[in-house]
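# below are the sequence and a predicted model; questions follow.
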Amino acid sequence: MAVLVLASALSVTTLALDNGLMRTPPMGWLAWERFRCDTDCEHDPKNCISENLFIDMADRLSEDGWKELGYVYVNIDDCWSSMERDEQGRLQPDPKRFPGGIHKLTRYMHDRGLKLGIYGDMGKHTCGGYPGTPMEKIEIDAFTFADWEVDMLKYDGCWSNATEQEQGYPLMSKALNATGRPIGYSCSWPAYQGGLPPKVNYTQLGEICNLWRNYGDIQDSWDSVLNVIDWFSKNQDVLIPAAGPGQWNDPDMLIIGNFGLSMDQSRAQMALWAIMAAPLFMSTDLRTISSGARSILQNKIVISINQDPMGVQGRRILKEKNGIEVFWRPLSSNASALVIFSRRNDMPYRYQTSLSKLNYTTGSYKIYDVFTDKTMMLKDSTDFVVSVNPTGVVMWYVSAPAKRNFLQFYKGGKLQGSFYADDDENAIPIFL
C-alpha cells in the first residue's frame with residue numbers, strides 16, 4: 001500500500017475548483033440508469049424523461065425523509081432537450097415534455113430546498129443524439145444554465161476527441177465560474193481517456209471539476225458493481241490522492257432499489273461507495289422503492305461515513321485468497337470505518353481476525369455495526385469472528401482509542417508512520 005499522509009491530502013484539496021461547492025460528496029437522484037432515454041410520454045407517461053418525472057422525484061425527496069439526510073440534487077440526464085437550438089443559438093428543452101421550461105423545474109426544486117442538475121456533452125451531439133455543447137457553444141450554454149438557475153452540470157464526452165476534451169473541459173469550468181452562479185461541475189473527461197495517468201491529469205481535474213467519472217457506466221447488475229469495485233481497488237493508489245473536499249472520484253450511480261441487486265449486494269454497494277467517498281446519486285424509482293432498499297439508502301451512519309468532512313477516500317487493505325476483502329477509511333475524530341466484504345457465492349463465511357492484525361494500534365475500541373445496530377467494545381488484540389453473507393458485507397464504525405497513534409500505512413511491507421499524530425489528546429469521542 002502506498003503511503004498516504006494527511007499533509008498530502010490537504011495539499012491536493014487546496015487546488016479544488018474555487019466555487020465553494022461539494023465540500024462533501026454530493027447526494028441526490030439522477031435519472032439515467034433507471035429511466036435512460038425514454039421519451040415516449042404518450043405510451044409511458046410515468047417513466048418518460050419529462051417535467052413530471054423530475055417533479056415526482058422532487059416530491060419524494062422532500063416528503064419521504066431523503067432531503068434531511070442530504071439527498072438534495074435532482075439531476076436530469078441525457079435526452080431532455082429539443083433537437084434544435086432556438087433562434088439565439090441556445091439549448092432549449094423539448095416543449096412537449098418540458099412545457100414549463102427548465103426554469104420552472106429549478107424554481108420547483110428551490111422552493112423545496114432542493115437543487116437541479118442538468119446534462120450536457122462536449123461533442124456536437126450528446127450520447128443520445130441530442131444537440132451537444134462543442135467548444136464554440138460553451139460560453140452561451142454556461143450562461144443559459146446559469147440563467148435557468150441550474151445548480152449542477154454533468155458534462156459528458158460523446159462525439160468529441162481527446163484534443164477537444166483537453167480544451168473543452170477546462171473552458172467549461174472557466175465559463176461556469178464566469179457566470180457568477182455557483183454550479184457544481186461533473187466532468188466525464190477521465191472516463192473517455194482510460195481513467196489513469198499519463199492521459200489523465202488528476203491535479204488538473206482537481207483544479208477545474210468538483211467530481212469526475214473515472215470509469216464506464218454502471219449497469220443494473222452485480223457484475224457491473226464488481227467491475228467498478230475492482231477497477232477502483234486496483235487503481236486506488238492513483239485515485240486516493242486526487243479526492244478531497246470539493247473534488248471527488250465518481251464510481252457512478254447507486255442502483256439500489258432496481259432489479260439487479262439482492263439486499264446483501266445493495267448493502268455492499270452502499271458500504272463500499274461510502275468507503276470510497278463517492279457521490280451518492282440514486283438512480284431508482286423513489287415512488288415505488290421497497291422498504292428494504294430505502295432502509296439501506298437512508299442509513300444515517302453509512303451516510304455520515306460517506307459525508308465525513310475530512311474527505312479522505314478509503315482503500316482496500318486486504319485481499320484474502322478465501323474471497324474476503326477488507327476496506328478501511330479514516331474519519332474525523334480519529335475514528336475509522338471498516339468493511340469486510342465477501343466475494344464468495346456459496347454460503348456465509350466466518351472470517352476471523354483482530355484489529356491488531358488489521359494494523360490498529362494498542363487500545364480498546366468502540367465498535368458499531370452499521371447494518372445491525374449492535375455496539376461492543378473490542379481490544380485490538382482480541383480475535384473476533386464475523387459472518388459475512390455471500391456477496392455481502394459487514395460494516396463497522398470504529399471509534400478511536402485513548403491514544404491517537406491510529407492506523408499505520410504500509411509500503412513494501414514496512415511501516416511508514418501513522419496517519420494521526422501520536423499524543424494523548426481526545427479520549428474515545430461520544431459515539432454517533
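Received the coordinates, thanks. This is a predicted model, so every value here is computed, not measured.
# helices or strands next to the stretch of helix or strand Ile229 belongs to in the packing?
If you go by DSSP states H and E, Ile229 is part of helix 222-234. Contacts defined by 3 or more Cβ pairs under 8 Å, 6 or more residues apart in numbering; DSSP states H and E place helix 222-234 against helix 263-275, strand 315-319. In short, each C-beta sits where N, CA and C put it, glycine included.
# show me what that helix is in contact with.
Helix 222-234 is contacted by residues 195, 214-216, 218, 239, 249, 251-252, 255, 260-262, 265, 268-269, 272, 276, 315-316, 319, 325, 343, 391 when judged by Cβ atoms under 8 Å, 6 or more residues apart in numbering.
# redo the helices and strands packed on helix 222-234 as JSON lines? Include mean neighbour count and mean pLDDT.
Output for the helices and strands packed on helix 222-234, formatted as JSON lines (neighbours: other Cβ atoms under 10 Å; pLDDT from 0 to 100):
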{"stretch": "helix 263-275", "mean neighbour count": "24", "mean pLDDT": "99"}
{"stretch": "strand 315-319", "mean neighbour count": "18", "mean pLDDT": "98"}
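# how about those, which one is nearest Lys379?
Closest approach to Lys379 among the helices and strands packed on helix 222-234 (Cβ to Cβ): strand 315-319, 19.7 Å.
# can you list the strands that the helix or strand that the closest one is followed by pairs with?
Later in the chain than strand 315-319, the nearest helix or strand by DSSP H and E is strand 324-330. According to DSSP bridges, strand 324-330 has the following sheet partners: strand 315-319 (antiparallel), strand 336-342 (antiparallel).
# JSON lines for those, including distance to Glu42?
Below are the strands paired with strand 324-330 laid out as JSON lines (distance: least, Cβ to Cβ, whole Å):
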{"stretch": "strand 315-319", "distance to Glu42": "48"}
{"stretch": "strand 336-342", "distance to Glu42": "45"}
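# domains in the chain, by residue range?
6-306, 315-418 (automatic domain parsing).
# highest average neighbour count across those?
Across the domains of the chain, the average number of neighbours (mean count of other Cβ atoms under 10 Å) peaks for domain 6-306, which reaches a mean of 19.
# please compute how far that domain lies from its chain's middle.
The chain centre lies 9 Å from the centre of domain 6-306; the measure is Cα atoms, centre = their mean, to the nearest Å.
# per-residue pLDDT, the residue nearest the centre of the chain?
Most central in the chain under Cα atoms, centre = their mean is Pro279, positioned 1.9 Å from the mean C-alpha point. As predicted, Pro279 sits at a pLDDT of 99.
# tell me who's in contact with it.
So Pro279 contacts 25-27, 211, 248, 250 (Cβ under 8 Å, 6+ apart).
# again, 6 Å this time
Neighbouring residues of Pro279 by Cβ atoms under 6 Å, 6 or more residues apart in numbering: 25-26, 211, 248, 250.
# cool, Lys154 as well?
Contacts of Lys154 (Cβ under 6 Å, 6+ apart): 119, 186.
# which SS class is it?
Following DSSP: H, G, I helix; E, B strand; the rest coil, we place Lys154 in the strand state.
# do you know how far it is from Arg213?
Between Lys154 and Arg213 the distance is 8 Å, computed by Cβ to Cβ, to the nearest Å.
# Thr39 too?
23 Å.
# and for Asp308?
Distance from Asp308 to Arg213, by Cβ to Cβ: 22 Å.
# who's in contact with Ala278?
Pro251.
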